[in-house]
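A.B. asks: Mind looking at a prediction? Sequence and model below.
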Amino acid sequence: MTQLPILISGASGRLGRRVIEILLEQKLGPIIATTRTPNTQADLAEQGVDLRFADFDEISSLAAAFTGAKRILLISTNSFAERRVIQHRNAIEAAKQVGAEHLVYTSFSKASHSQLAFLTADHTATESILQESGLGYTILRNSFYADKVNGALADAASNGCIISAAGRGRIAYITREDCALAAAAALSSTYQGKRVLNITGPNLIDANELATLAGEVLGTKIVAVSVTNEEFQSRAIASGVPAPMASLLAAIERGISQGAMEIQSDDFEHLTGRPATPIIGSIGSYFSESVRSTDA
């Protein structure tokens, strides 16, 4: 474990916030956290976190915000395409300027060779910039969050089926909590080299297996209904999903059917010292939360 100054970007986001909480629980740091809205995170300041303003579109603000940090977590921004790559380049350049020793980046599965290039292109470009920067780095290629399936699970609970156009395409879903644990472990590590880690859940599952697991948790039969991409998109639009988003979701289903997410790794366990959460645990937690919300 390291006690060097650690910096987390995106402190206002769910992932960044949770990484900070984990580091505080482990009494690691000192911790620097950057956000465009530091005044909204006053409780973190009360716990000793050094909150700083940073705007990834302004490299001058990043250099000031990153000063003193030795290990930096760069959480991919919410922008898209060229703007996102520029923002990430600014952060990497700022890290070099302040003499950071190691940068941890949250990337995406198979970023260098994916059938989901429309999702991974920004990550591919960022990984290249990082690899050419001269910095030590840990690239965390996170799989899809387990909560990606929550919408399908909600429908399954009421309709008894999961609609999918992904065929037999399989995904090793990872919980957001596990992604936060992985990022915290990479930050607190003494590792100084260059590595790419695949952060996935312990099991690859397809839509049929997901339906079976959901049925086990609910105590009822859930079936997977396979549809074409066109029908998947039409159903999404009919349910109220905007057409551009429905098109994107259908394209993701197509990529999954082609093996885009077909990767499972034990890197999470090697990094954190504990096994990743199985998807059935996430499904059980989701339905437990739903029940509590209904009862409330």
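C.D. replies: Here it is on my side, so go on.
A.B. asks: When you work out contacts or count neighbours from here on, use the C-alpha atoms and nothing else.
C.D. replies: Will do.
A.B. asks: For stretch 127-147, buried residues please.
C.D. replies: Within stretch 127-147, the residues that count as buried by 16 or more other Cα atoms under 10 Å are 127, 129-130, 135-147.
A.B. asks: Ok, stretch 76-92 next?
C.D. replies: Ser76, Thr77, Arg84, Val85, Ile86, Gln87, His88, Arg89, Asn90, Ala91, Ile92.
A.B. asks: Which secondary structure state does the fourth one sit in?
C.D. replies: Of the three states, Val85 takes helix under DSSP: H, G, I helix; E, B strand; the rest coil.
A.B. asks: how long is stretch 217-231 end to end?
C.D. replies: In stretch 217-231, first residue to last residue: 28 Å (Cα to Cα, to the nearest Å).
A.B. asks: chain center to it, what's the gap?
C.D. replies: Remark: stretch 217-231 is offset 25 Å from the chain centroid, using Cα atoms, centre = their mean, to the nearest Å.
A.B. asks: Now tell me what touches that stretch from outside.
C.D. replies: 156-157, 160-167, 207-208, 211-212, 214-215, 250-251, 253-254, 280, 283-284 (Cα atoms under 8 Å, 6 or more residues apart in numbering).
A.B. asks: go with 6 Å
C.D. replies: The contact list for stretch 217-231, computed with Cα atoms under 6 Å, 6 or more residues apart in numbering, reads Gly160, Cys161, Ile162, Ile163, Ser164, Ala165, Asn208, Ala211, Gly215, Ala250.
A.B. asks: how about those residues, which pair is most distant?
C.D. replies: Gly215 and Ala250 (24.4 Å; Cα to Cα).
A.B. asks: what about those two, which has more around it?
C.D. replies: Taking other Cα atoms under 10 Å, Gly215 and Ala250 do not tie; Ala250 has more neighbours (23 against 19).
A.B. asks: I'd like the next helix or strand past the helix or strand hosting the more buried one.
C.D. replies: Using DSSP states H and E, Ala250 sits in helix 243-257. Later in the chain than helix 243-257, the nearest helix or strand by DSSP H and E is helix 267-272.
A.B. asks: Buried residues of that following helix, list them for me.
C.D. replies: Neighbour-count burial for helix 267-272, counted by 16+ other Cα under 10 Å, picks out Asp267, Phe268, Glu269, Leu271, Thr272.
A.B. asks: and what of stretch 9-17?
C.D. replies: Ser9, Gly10, Ala11, Ser12, Leu15, Gly16, Arg17.
A.B. asks: From Lys96, how far off is the nearest residue to the fourth one once chain neighbours are set aside?
C.D. replies: This means Ser12. Spatial nearest neighbour of Ser12, excluding adjacent residues (Cα to Cα, 6 or more residues apart in numbering): Thr35 at 6.2 Å. If you measure Thr35 against Lys96 using Cα to Cα, the figure is 19 Å.
A.B. asks: between the two, which one's more packed in?
C.D. replies: Thr35 (22 against 18).
A.B. asks: Phi first, then psi, for the more buried one.
C.D. replies: Dihedral angles of Thr35 (phi, psi; degrees, to the nearest 10) stand at phi -160, psi 160.
A.B. asks: from what I can see it touches Ala11, true?
C.D. replies: Yes. The pair Thr35 / Ala11 is scored as a contact, 5.5 Å apart, by Cα atoms under 6 Å.
A.B. asks: That's all I had, so thanks and see you.
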